[in-house]
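In: Below are the sequence and a predicted model; questions follow.
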Amino acid sequence: MDSDLQAENQALRRQLDSLLREARNNEEKMRRFDQLEHRLIGARSMAELLSLLLNDYRQAFGIDAVSMVLLDRDDEASRMLDAERHRHEGPNHHEPAPLDGLTLLPSIAPIAPLFQGQLHQPWLGPFNEQRHRPLFGAPHAAPHRAPQATLASVALLPLSRHGELIGSLHFGSSDPSRYERGAGTQLLERLAAIVSVCLDSALNQERLKLAGLTDMLTGVHNRRYFEHRCLIEIAQARRYRHDLACLFLDLDHFKAINDRHGHPAGDEVLRSIGHLIQSQLRLGDTIARFGGEEFVVLLPQAPLQHAREIAERIRASIAARALLLPSGEFIPATVSVGLAMLERAPEGSREPDDKQALALRLVDAADQALYRAKAEGRNRVVLSSEPRIQALSA
Ligand SMILES: Nc1nc2c(ncn2[C@@H]2O[C@H](COP(=O)(O)OP(=O)(O)OP(=O)(O)O)[C@@H](O)[C@H]2O)c(=O)[nH]1
């Protein structure tokens, strides 16, 4: 009898221990979840938010695979991430974490069938190669990451705002019982709701930042962005020892255009000129409206001959094209262009090396050249009389 009681006692104790262990595990899990939640809410940029989910969350909870799909209508999110990456460039910033596992889609159609209208309900269940592999990518897709474990179960979280699907977050595990149909999804639902709100607010914050860096009339960058970007390009040119060209462009006789056709027509001309210049540039080049009827362009990795050709191409493309107004009227326009170069100093020379000072000299030299282009008859490209501003490599 005694031994029966003892055995029962021991069984109860084991049960209690296991319950206590589970409670402690849950408590620890909640603590990690809370911590992550605070970091998500405190994320200062879209990239930081995405990296928390794709990198930190995976590590904190020992998940084998994490991936995410985001709706990116009009390339808004990709442009924002691009802008953030540029803000991180320069000597005083650390490299942003890679965002492996992120897919930006122009339409939500490929993921909508996963949720069948259930915008608040995560889907848990066995991994299906055909349906789920496209969400996680090939097992060896990222060469610098450990090969992905064979997945056995998945949790798919719909991300939604204002009743619309805006993306989805996917967790994969090699453990078939980790994400089981019918299991509680309270924490995952809470995570999806927080991520959705954070994404929305990160997008809004980025929109505000971009609005402050864009010229409202022409849609190209504004002077503030240019001044910031110029320092980054100078740092890059010095670090990687390549040339940097700066073009200063000004519309010819723009006052006469305004006087003859009216201010709104003048605005239309400015918009067209912005687009025409942009259409002649590469992705890594920068164009900004400097003010009034002046534009500036930065051409990284462009030696003098190449920069001269691009400047000439821009000038010719504008001169060749009378601008068509909505009224059906044609307005001929030309631009004058000043060109200045920042080039690598020969070994051993002692040139001023301050980025800010170099930026001012570069833009000023291009501006001086522009004045000469105007004086020499307009509709032409003139090279600065200080053609080679030399920068010591960093
Ligand atoms: N429509 C319009 N006009 C602008 C804007 N900003 C500046 N301007 C006009 O641009 C004109 C610039 O005139 P000026 O500096 O005399 O130069 P210009 O007539 O282009 O002559 P040159 O530069 O010497 O060839 C002025 O009439 C400004 O009113 C703008 O945003 N929209």
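Out: All right, it came through fine.
In: OK, contacts around the residue in the stretch 101-250 of the chain positioned nearest to the ligand?
Out: Closest to the ligand within the stretch 101-250 of the chain is residue 250: 5.2 Å, counting by Cβ to the nearest ligand atom. Where C-beta positions appear, they are placed from N, C-alpha and C, glycine not excepted. Residue 250 makes contact with 293-295, 335-336, 370, 374, according to Cβ atoms under 8 Å, 6 or more residues apart in numbering.
In: which ones among the residues you listed are found in helices?
Out: 370, 374 (DSSP state H).
In: returning to that earlier point: what residue, apart from its backbone neighbours, is nearest the residue of the stretch 101-250 of the chain closest to the ligand spatially?
Out: residue 294 (5.0 Å; Cβ to Cβ, 6 or more residues apart in numbering).
In: Can you tell me who the one you found pairs with across the strands?
Out: Under DSSP bridges, the beta-bridge partners of residue 294 are residue 250, residue 291.
In: Let the chain start at 73 from now.
Out: In the new count, where the first residue is 73, that last one comes out as residue 366.
In: so it touches residue 321, yeah?
Out: Yes: using Cβ atoms under 8 Å, residue 366 makes contact with residue 321 at a distance of 6.9 Å.
In: And the residue in the chain that the ligand sits nearest to, what's its pLDDT?
Out: Residue nearest to the ligand within the chain (Cβ to the nearest ligand atom): residue 338, separated by 2.6 Å. As predicted, residue 338 sits at a pLDDT of 93.
In: Count the residues that sit near it.
Out: By other Cβ atoms under 10 Å, 21 other residues sit near residue 338.
In: what does the one 5 residues further on give?
Out: Look at residue 343: counted by other Cβ under 10 Å, it has 16 neighbours.
In: Okay, strands next: where are they in the chain?
Out: All strands of the chain, identified by DSSP state E, fall at 137-143, 174-177, 195-198, 225-233, 236-245, 316-323, 358-363, 366-372, 395-396, 402-403, 407-416, 453-463.
In: export those to TSV and tack on mean pLDDT?
Out: Below are the strands of the chain laid out as TSV (pLDDT from 0 to 100):
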stretch	mean pLDDT
strand 137-143	93
strand 174-177	92
strand 195-198	94
strand 225-233	94
strand 236-245	94
strand 316-323	97
strand 358-363	95
strand 366-372	96
strand 395-396	73
strand 402-403	86
strand 407-416	93
strand 453-463	77
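In: out of those strands, nearest to residue 264?
Out: Across these, the minimum distance to residue 264, taken as Cβ to Cβ, is reached by strand 225-233, at 4.1 Å.
In: mind listing what's buried in the closest one?
Out: Across strand 225-233, burial judged by 16 or more other Cβ atoms under 10 Å covers 225-232.
In: do stretch 283-303 as well
Out: 285-287, 290, 292-294, 297-299, 301-302.
In: so who does the closest residue to residue 450 other than its chain neighbours touch?
Out: Leaving aside its sequence neighbours, residue 450 sits nearest to residue 324 (Cβ to Cβ, 6+ apart; 4.3 Å). Residues in contact with residue 324 (Cβ under 8 Å, 6+ apart) are 405-408, 446, 450-451.
In: so how far is residue 107 from the closest residue to residue 376 other than its chain neighbours?
Out: Nearest residue to residue 376 in three dimensions, chain neighbours excluded: residue 413, at 5.5 Å (Cβ to Cβ, 6+ apart). Distance from residue 413 to residue 107, counting by Cβ to Cβ, to the nearest Å: 51 Å.
In: Get me the contact residues on the stretch 273-422 of the chain for the ligand.
Out: Counting by Cβ under 6 Å from any ligand atom, the stretch 273-422 of the chain comes close to the ligand at 289, 322-328, 330, 335, 338-339, 342, 364-365.
In: Which one (most neighbours) among the residues you listed?
Out: residue 342 (23 neighbours).
In: what's the neighbour count on residue 205?
Out: 14.
In: Noted, bye for now.
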